[in-house]
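1. task: produce atomic coordinates for the following.
(chains A and B)
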Number of protein chains: 2
Amino acid sequence: MTEENILERVRKRAAIPLNSRLIVGIGDDCAVYRPQGSNEDLLITTDMLLEGAHFKRGTHAAEEVGHKVLARGLSDIAAMGGRPMVCLLSLAVPRWATPGWIDRCFGGLRKLSRRTGTALAGGDLARSDTFASDIVVIGSVPKGAALLRSGARVGDGVYISGRLGGSALGLRTRRGRAWRRHLRPEARLELGEFLRRRLHATAAMDLSDGLSLDLRRLCLASKVSAEIDAPPVYPGASLEDALHGGEDYELLFTAAPGSRVPAKFGELPLTRIGVIRRGQPGRVLLGGRALAPLGYDHFKRS
Amino acid sequence: MTEENILERVRKRAAIPLNSRLIVGIGDDCAVYRPQGSNEDLLITTDMLLEGAHFKRGTHAAEEVGHKVLARGLSDIAAMGGRPMVCLLSLAVPRWATPGWIDRCFGGLRKLSRRTGTALAGGDLARSDTFASDIVVIGSVPKGAALLRSGARVGDGVYISGRLGGSALGLRTRRGRAWRRHLRPEARLELGEFLRRRLHATAAMDLSDGLSLDLRRLCLASKVSAEIDAPPVYPGASLEDALHGGEDYELLFTAAPGSRVPAKFGELPLTRIGVIRRGQPGRVLLGGRALAPLGYDHFKRS
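-> Predicted structure coming up:
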């Protein structure tokens, strides 16, 4: 079983019709809900962080855990061009966590929530043997303006922000800037808003599971294929890290042929890495050869 | 540490100002978000179900787990008089779960989501050693009409639906109707809507952690105390089960003195068990004596 197998089973068997207010359901970075009579659409995303599967107690400080819990959810909002409004946190508190640890963990989350204007609105608490969290983030986007995975068209350019593979490098070496990058990912919220408002990107998603797997997902959703060159690689990382490493939380997006994509957004490079083609949906060619979707899959690896 | 200690720490330290669209934050059954220009308010709730803490693999069938995951979230929507619209499910799939088990679990959730019109809109998946789920339910309520815990006023009658202690009895005896009641709780959605639309209840919440603890929470939120008599007891259950047993998922509500509360809502009895009084906030008297809040607390018991 792979994660996609399970998702496909759920999607097919769920067969719950989208209700009139649910504009986007399973399969994008966020679900999109259209409140009656409102000029905003709401983006809804959930994201788990589990001890063991996503981090190890010994390697992540409490504050970094708290930061990461929220940053991962915010990244989904960024990917759709939204502004985060509120979050809810479900937390299974492990028996090993001291009151001090819990405070520092909430401290890390709070700092990021303040900086991004995301109000902590509630959640759930329970006891557990290991740490488990699930963050819900609700974001806002003007009606009909959310950036979807499904909007890429033949001829569009394929772009990424930043340099890829830093998080994978950090996880391997556990030192320097790459390690800090792994521990404290930054959601590209300003960039997401720029892509939606100024650039009118045709599709976008965040790079959480590796370029090879995530670009495949974008192509599947848009029913297109893509031809790319090697992406910019994080200093010290390998091409493998950049192609298949997860948790970079950069944005992957497509833009119509005439779009003027700047070389930088602030300090962050924006790089054209390829083009959208007709062809087998989901197929990605790198330098003319098929790129296997080797990115992170919880189920394949287990 | 008790659950309330932790919540109080989080609430104080969070100190994230409610933003203009967040009408109700931490401390009620759901958060309430007011979309710009809309005539509906959105209710948002999250609820975890963890193997070990909330159920045991050997005692709950996969379908019952799926049902319970959603029913607990729906109960929070019912408590505020809302209509469930969409849900998202985060699921840590244990290594022991076969594809068949996962399908049956989703089957149980799907059946309830169809019956209640709650579209499954997304979620998250990961691998884990034990089953862990977190359900997010988004509900809709007319603007400003959500039933809050904080609305009880001195002189209001205190009411409950149904008979209490059935779930605790079932958990102890593991047989008969009480056990089925524990395994397959029903959210009181129609009743919640009736309380809001017809009865104009002043406050409401669902009974998930036991009457003694939950009524104390309602009184704390409303800054009042309450005097009650013994509530109706589920056949075969003890008064202790009814006062302190969790997971009945009946509704606790208050209504202004002149309200005509029917004796039954469909088949479900509605019983006046007491009255709201001035006095120490959160204090509950049963037959004139202080009732200790012995209901379920994940943290006290561990």
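2. how many residues are close by A:P281?
-> By other C-beta atoms under 10 Å in any protein chain shown, 13 other residues sit near A:P281. All C-beta atoms are positioned from the backbone trio N, CA, C, and that covers glycine.
3. how far away is it from A:R216?
-> Separation of A:P281 from A:R216 (C-beta to C-beta, to the nearest Å) stands at 9 Å.
4. got it, and A:M48?
-> 22 Å.
5. so is stretch A:121-138 next to chain B?
-> Yes. Stretch A:121-138 reaches chain B (C-beta under 8 Å from any C-beta of the partner chain) through A:121-130, A:132, A:134, A:136, A:138.
6. if you look at these, which of them are in strands?
-> Within the residues of stretch A:121-138 next to chain B, residues falling in strands by DSSP state E are A:A121, A:G122, A:G123, A:D124, A:L125, A:A126, A:R127, A:S128, A:A132, A:D134, A:V136, A:I138.
7. most neighbours, which of those residues?
-> Tallying neighbours with other C-beta under 10 Å puts A:D134 at the head of those, with 33 neighbours.
8. ok, now which ones touch it?
-> A:D134 makes contacts with A:T46, A:D47, A:M48, A:L49, A:L89, A:S90, B:T46, B:M48, B:S90, B:D124, B:D134, as judged by C-beta atoms under 8 Å, 6 or more residues apart in numbering or on different chains.
9. the third one: which element?
-> Following DSSP states H and E, one finds A:M48 within strand A:40-50.
10. chain center to that strand: distance?
-> With C-alpha atoms, centre = their mean, to the nearest Å as the basis, strand A:40-50 stands 10 Å off its chain's centre.
11. rounded mean pLDDT for stretch A:51-65, please.
-> Taken as a whole, stretch A:51-65 has a mean pLDDT of 90.
12. what of stretch A:213-220?
-> For stretch A:213-220, mean pLDDT rounds to 97.
13. please save the CA atoms from that stretch in CSV.
-> Extracted in CSV, the C-alpha atoms of stretch A:213-220 (Å, rounded to 0.1, in the frame of the first residue of the first chain):
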residue,chain,number,x,y,z
LEU,A,213,6.5,13.1,-6.2
ASP,A,214,4.9,16.5,-5.8
LEU,A,215,5.3,17.6,-9.4
ARG,A,216,3.8,14.3,-10.4
ARG,A,217,0.8,15.1,-8.2
LEU,A,218,0.4,18.5,-9.7
CYS,A,219,0.6,17.0,-13.2
LEU,A,220,-2.0,14.3,-12.3
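14. all strands of the stretch 51-200 of chain A, in order?
-> Ranges of strands in the stretch 51-200 of chain A, per DSSP state E, counting those that start in this stretch, are A:83-94, A:119-128, A:132-142, A:157-161.
15. roughly how far is the second one from the heart of the chain?
-> Between the mean C-alpha location of strand A:119-128 and the chain-wide mean there is a distance of 22 Å, by C-alpha atoms, centre = their mean.
16. angle of that strand against strand A:83-94?
-> Orientation check (axes from the mean of the first three to the mean of the last three C-alpha atoms, to 10 degrees): strand A:119-128 against strand A:83-94 gives 20 degrees.
17. helices or strands up against the strand holding A:M48?
-> Counting contacts by 3 or more C-beta pairs under 8 Å, 6 or more residues apart in numbering or on different chains; DSSP states H and E, strand A:40-50 packs against strand A:31-33, helix A:62-79, strand A:132-142, strand B:83-94, strand B:119-128, strand B:132-142.
18. send me it as CSV with only the CA atoms.
-> The C-alpha trace of strand A:40-50 is given here as CSV (Å, rounded to 0.1, in the frame of the first residue of the first chain):
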residue,chain,number,x,y,z
GLU,A,40,-14.0,35.1,0.7
ASP,A,41,-13.4,31.4,0.2
LEU,A,42,-12.0,29.5,3.2
LEU,A,43,-9.1,27.2,2.9
ILE,A,44,-9.0,24.3,5.4
THR,A,45,-6.0,22.1,5.9
THR,A,46,-4.9,19.5,8.6
ASP,A,47,-1.4,18.2,9.2
MET,A,48,-0.1,15.7,11.6
LEU,A,49,3.3,15.7,13.3
LEU,A,50,4.1,12.4,15.0
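19. that strand pairs with which strands?
-> The strands beside strand A:40-50 in its sheet (DSSP bridges) come out as strand A:31-33 (antiparallel), strand A:132-142 (antiparallel).
20. tilt between that strand and helix A:62-79?
-> If you take the same axes, to 10 degrees, strand A:40-50 sits at 140 degrees to helix A:62-79.
21. in contact with the residue nearest to A:G108 when sequence neighbours are not counted, which residues?
-> Computed as C-beta to C-beta, 6 or more residues apart in numbering or on different chains, the closest residue to A:G108 that is not its neighbour in sequence is A:G66, at 2.9 Å. Shown in contact with A:G66 (C-beta under 8 Å, 6+ apart): A:R104, A:C105, A:F106, A:G107, A:G108, A:L109, A:R110, A:L112.
22. and the second one, how many neighbours?
-> Neighbour count of A:C105, defined by other C-beta under 10 Å: 25.
23. what of the one 4 residues further on?
-> In terms of burial, A:L109 registers 28 neighbours under the definition other C-beta under 10 Å.
24. not counting sequence-adjacent ones, nearest residue to it?
-> Nearest one to A:L109, counting by C-beta to C-beta, 6+ apart, is A:G66 at 3.8 Å.
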